[in-house]
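Peer 1: Show me how the following folds:
(one chain, ligands or ions: 1)
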Amino acid sequence: MTPDSATERWPVLVTRRLPQGAMDAIGERCDVDLWEGPPEAIPRDDLLKRIGGKAGAVTLLTEKVDGELLEAAGPQLRIVANYAVGFDNIDIEECTRRGVMASNTPEVLTDTTADLAWSLLMAAGRRISEGDRLLRSRREWIWGPEMMLGQDVHHKVLGVVGFGRIGQAVARRAAGFGMRVIYFDVFRPPPEVERGVGAEFREFHDLLQEADFISIHVALTPETRHLFGAEQFRRMKPTAVIVNTSRGPVIDEAALSEALRSGEIFAAGLDVFEHEPEVHPGLLELENATIIPHLGSATVETRHAMGMLAAENLIAALEGRRPPTLLNPEAWERTRGG
Ligand code: DGY
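Peer 2: Residues are numbered from 1 along each chain as shown. Next up is the predicted model:
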């Protein structure tokens, strides 16, 4: 921190109200321009107008941070602190080229998102939301030996696709259910990580055939867009359950909807959607699709922690310190060099 930066206040844009602790932390050091328009995300035109002249911004996954936005902001913009671990909404290369730091909120949401993936896995496998809908419909029902049968979870095979922090946390939870865990990732971790988690590597197409439950934890990139489509669903077991808490476009939703409708696979648990917030109309009709509105990290504790981390990243960059979870160290090096 330079002597002046102790008293200096910076103009910043916050694109949606954050949990109070984070708003307070940012408000202590910055003049905050807050978009107060939920449930909608800040319209693009407003975003482009209001980012102008700001020293920093806290953005959400609903805001595209690209060349156009950085241009509209002006050369004084030092940091874009994303309130999410995923950062497919940010053009990191463009930020780096312009010397703008970008940060995300990893670690603090790992366990919460893993818990949610398990909630969906159980709900889809055991038809929980379908049962809830049945009772609320007030239709008549009576206990029966073959009523609403699901799939056993315990002692089955869990396939984790994307073996980063969240994928590993999901895998670790499987031990309590006596499951065998296999995983696929393009980056293979050292053998001690595999051993520690108790997971065995499989090629992607082998995992599809062997797993009873598949949980997706990849980042959205051009390579992972539609990683799951008609061909992948065909390879899976007819009893298979697929869970997605990563990013919607990793699954071709039209193909998934058809695979669920035709019984090619048993069920899906989805937290994220290809054209979020829209949900493919086919999925809305299906009892075997458990769908929830992007709640992976949505707990009081975790959203607070994400807010505090985003605030810390923002203020660190403004004070001339290195943000703790910086995505583009090259931009930091450039700032330090003047
Ligand atoms: C993320 O952090 O990337 C989530 O999708 C929102 O918590």
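
Peer 1: Determine how far the last residue of stretch 212-222 lies from the first.
Peer 2: Criterion CA to CA, to the nearest Å; first-to-last residue distance in stretch 212-222 is 27 Å.

Peer 1: Spell out which residues of the stretch 51-200 of the chain are next to the ligand.
Peer 2: Taking CB under 6 Å from any ligand atom, the part of the stretch 51-200 of the chain that reaches the ligand is made up of 61, 84-86, 109. Just so you know, the C-beta spots here come from the backbone N, C-alpha and C atoms, and that holds for glycine as well.

Peer 1: mind running it again at 8 Å?
Peer 2: With the criterion set to CB under 8 Å from any ligand atom, the stretch 51-200 of the chain comes near the ligand through 61, 83-87, 104-105, 109, 113.

Peer 1: any idea which of those is closest to G229?
Peer 2: G86 (20.9 Å; CB to CB).

Peer 1: wait, doesn't that closest one sit right on L109?
Peer 2: No - because the distance of 10.0 Å does not satisfy CB atoms under 8 Å, G86 is recorded as not touching L109.

Peer 1: Show me which of these two is the more surrounded one.
Peer 2: The residue with more neighbours, out of G86 and L109, is L109; 24 against 17, by other CB atoms under 10 Å.

Peer 1: Find the residue closest to the more buried one in space, skipping its chain neighbours.
Peer 2: Distances taken as CB to CB, 6 or more residues apart in numbering place S297 nearest to L109, at 4.0 Å, with adjacent residues excluded.

Peer 1: how about the one you found, secondary structure?
Peer 2: In terms of secondary structure, S297 is coil; the call rests on DSSP: H, G, I helix; E, B strand; the rest coil.

Peer 1: Equivalent analysis for S215, please.
Peer 2: If you use three-state DSSP, then S215 falls in the strand class.

Peer 1: How about it, nearest residue that isn't a chain neighbour?
Peer 2: That would be V243: by CB to CB, 6+ apart, it lies 4.5 Å from S215.

Peer 1: name the element that neighbour belongs to?
Peer 2: Here V243 is covered by strand 241-244, with elements defined by DSSP states H and E.

Peer 1: ok, the residue nearest in space to the middle of the chain - contacts?
Peer 2: To find the centre residue of the chain, average its C-alpha atoms and take the closest one (CA atoms, centre = their mean): that gives S246, at 4.5 Å. With CB atoms under 8 Å, 6 or more residues apart in numbering as the criterion, the residues that contact S246 are 86, 162, 216-220, 272.

Peer 1: Then T110?
Peer 2: Contact partners of T110, counting by CB under 8 Å, 6+ apart, are 165-166, 169.

Peer 1: want to throw the residues you listed into TSV with pLDDT?
Peer 2: Shown next, in TSV, are the contacts of T110 (pLDDT from 0 to 100):
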residue	pLDDT
R165	97
I166	98
A169	98
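
Peer 1: most neighbours, which of the residues you listed?
Peer 2: Tallying neighbours with other CB under 10 Å puts I166 at the head of the contacts of T110, with 28 neighbours.

Peer 1: related to what we said a few turns ago, right, is the strand holding V243 up against the ligand?
Peer 2: No - counting by CB under 8 Å from any ligand atom, the ligand is not contacted by strand 241-244; separation bottoms out at 11.1 Å.

Peer 1: Buried ones in the helix or strand hosting A331, by neighbour count?
Peer 2: A331 is located in helix 329-336, with elements delineated by DSSP H and E. Buried residues in helix 329-336, defined by neighbour count with 16 or more other CB atoms under 10 Å: 331-332, 334-335.

Peer 1: Also near the ligand: which of those, exactly?
Peer 2: Within the set of the buried residues of helix 329-336, contact with the ligand (CB under 8 Å from any ligand atom) is found for no member.

Peer 1: distance of the closest residue in space to G263 that isn't next to it in sequence from R188?
Peer 2: Here the nearest residue to G263 in space, its sequence neighbours aside, is P238; by CB to CB, 6+ apart that works out to 6.3 Å. Between P238 and R188 the distance is 30 Å, computed by CB to CB, to the nearest Å.

Peer 1: again, but for A73
Peer 2: In this structure, A73 and R188 are 39 Å apart, going by CB to CB.

Peer 1: More neighbours: which of these two?
Peer 2: A73 (25 against 12).

Peer 1: Can you give me the pLDDT of the nearest residue to the more buried one once chain neighbours are set aside?
Peer 2: On the basis of CB to CB, 6+ apart, the spatially nearest residue to A73 that is not a chain neighbour turns out to be I51, at 4.4 Å. Model confidence at I51, expressed as pLDDT, equals 98.

Peer 1: i'd like the first residue to be 2 from this point on
Peer 2: With 2 as the first residue, the last one maps to I52.

Peer 1: where does D153 land in three-state SS?
Peer 2: coil.

Peer 1: Let me see the contact set for R235.
Peer 2: 260, 265.
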